[in-house]
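J.: Using only what follows, build the 3D model:
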Amino acid sequence: MEHLLELLIFRYGYVGLMLALALGIVGIPVPDEALLTYSGFLVNNGTLHMVWVMLCAFIGAAAGITASYGIGIRFGLPFLLKFGPKLHMSPAKIERAQGWMNKYGNFLLFAGFFVPGLRHMTAYMAGMSRLKLRTFMLYSYAGALIWSTLFIYVGYVLGERWLTVKHYVHHYGSAFIIYGAIAVLALISWRVLRSMRKVKT
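T.: Below you'll find the model as predicted:
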């Protein structure tokens, strides 16, 4: 996998990152978290620039989830039931995602990014339910921004140990991502608050 990511980034650069994430969100099997974390590692060693990585990652994730939303509006549930299995979305997963969407509503568009498999379906569900575009953008784009930034930052901090994330995501799934997200966000908040205190003093 590492060689595949290297090929993708070094051959296509920032555009490759953006397109891969967009396709990954739509449902094509792309190792999204690994790609983001690896990009953070490349920022760490000076190969890529942090601002461009964050911008392209956000645009890619936002484009992918918006495309899924549009497909949901245009083609609805029949499309998802027909082509979902080809995108690793079984009827059981679709039914489960519908139940979660009905229970947790718009917030799932945000939180769904942190649950592998779920983020591929929430936008389809939002489109099928005719959720207003403004509401969709508010929740889903916020999720895309925080999710992509989080894993880029983790890769940047871990450096050459970035593959650790792949190992834990594979073995512990969404629980690792959720608790890891909380921990990293807490760390970022602590650093920001500490910087603000230093400025005041």
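J.: in the protein, which spans are helices?
T.: Using DSSP state H, the helices found in the chain span residues 2-26, 32-44, 50-83, 91-104, 107-111, 119-128, 133-158, 163-200.
J.: Tabulate those (JSON lines), appending mean neighbour count and mean pLDDT.
T.: (Each C-beta comes from the backbone N, C-alpha and C, glycine too.) Below are the helices of the chain laid out as JSON lines (neighbours: other CB atoms under 10 Å; pLDDT from 0 to 100):
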{"stretch": "helix 2-26", "mean neighbour count": "17", "mean pLDDT": "79"}
{"stretch": "helix 32-44", "mean neighbour count": "25", "mean pLDDT": "87"}
{"stretch": "helix 50-83", "mean neighbour count": "19", "mean pLDDT": "88"}
{"stretch": "helix 91-104", "mean neighbour count": "14", "mean pLDDT": "75"}
{"stretch": "helix 107-111", "mean neighbour count": "20", "mean pLDDT": "83"}
{"stretch": "helix 119-128", "mean neighbour count": "26", "mean pLDDT": "82"}
{"stretch": "helix 133-158", "mean neighbour count": "20", "mean pLDDT": "89"}
{"stretch": "helix 163-200", "mean neighbour count": "13", "mean pLDDT": "55"}
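J.: okay but Gly72 is in contact with Leu80, surely?
T.: Yes. Using CB atoms under 8 Å, Gly72 makes contact with Leu80 at a distance of 7.5 Å.
J.: Please identify every residue contacting each of the two.
T.: 124, 128 (CB atoms under 8 Å, 6 or more residues apart in numbering).
J.: show me the contacts for the residue nearest to Tyr124 when sequence neighbours are not counted.
T.: Nearest residue to Tyr124, sequence neighbours excluded (CB to CB, 6 or more residues apart in numbering): Gly72, at 4.1 Å. If a contact means CB under 8 Å, 6+ apart, then Gly72 has 80, 123-128 as its contacts.
J.: how much space is there between the closest residue in space to Leu118 that isn't next to it in sequence and Tyr153?
T.: Distances taken as CB to CB, 6+ apart put Gly112 closest to Leu118, at 4.5 Å, once the chain neighbours are dropped. Noted for Gly112: a distance of 20 Å to Tyr153, by CB to CB, to the nearest Å.
J.: With Val53 instead?
T.: Val53 is 10 Å from Tyr153, by CB to CB.
J.: Identify the contacts common to the two.
T.: Joint contacts of Val53 and Tyr153 (CB under 8 Å, 6+ apart) are Gly40.
J.: one step back: kindly reformat the contacts of Gly72 as JSON lines containing distance to Ile9.
T.: Shown next, in JSON lines, are the contacts of Gly72 (distance: CB to CB, whole Å):
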{"residue": "Leu80", "distance to Ile9": "31"}
{"residue": "Ala123", "distance to Ile9": "25"}
{"residue": "Tyr124", "distance to Ile9": "28"}
{"residue": "Met125", "distance to Ile9": "32"}
{"residue": "Ala126", "distance to Ile9": "31"}
{"residue": "Gly127", "distance to Ile9": "31"}
{"residue": "Met128", "distance to Ile9": "34"}
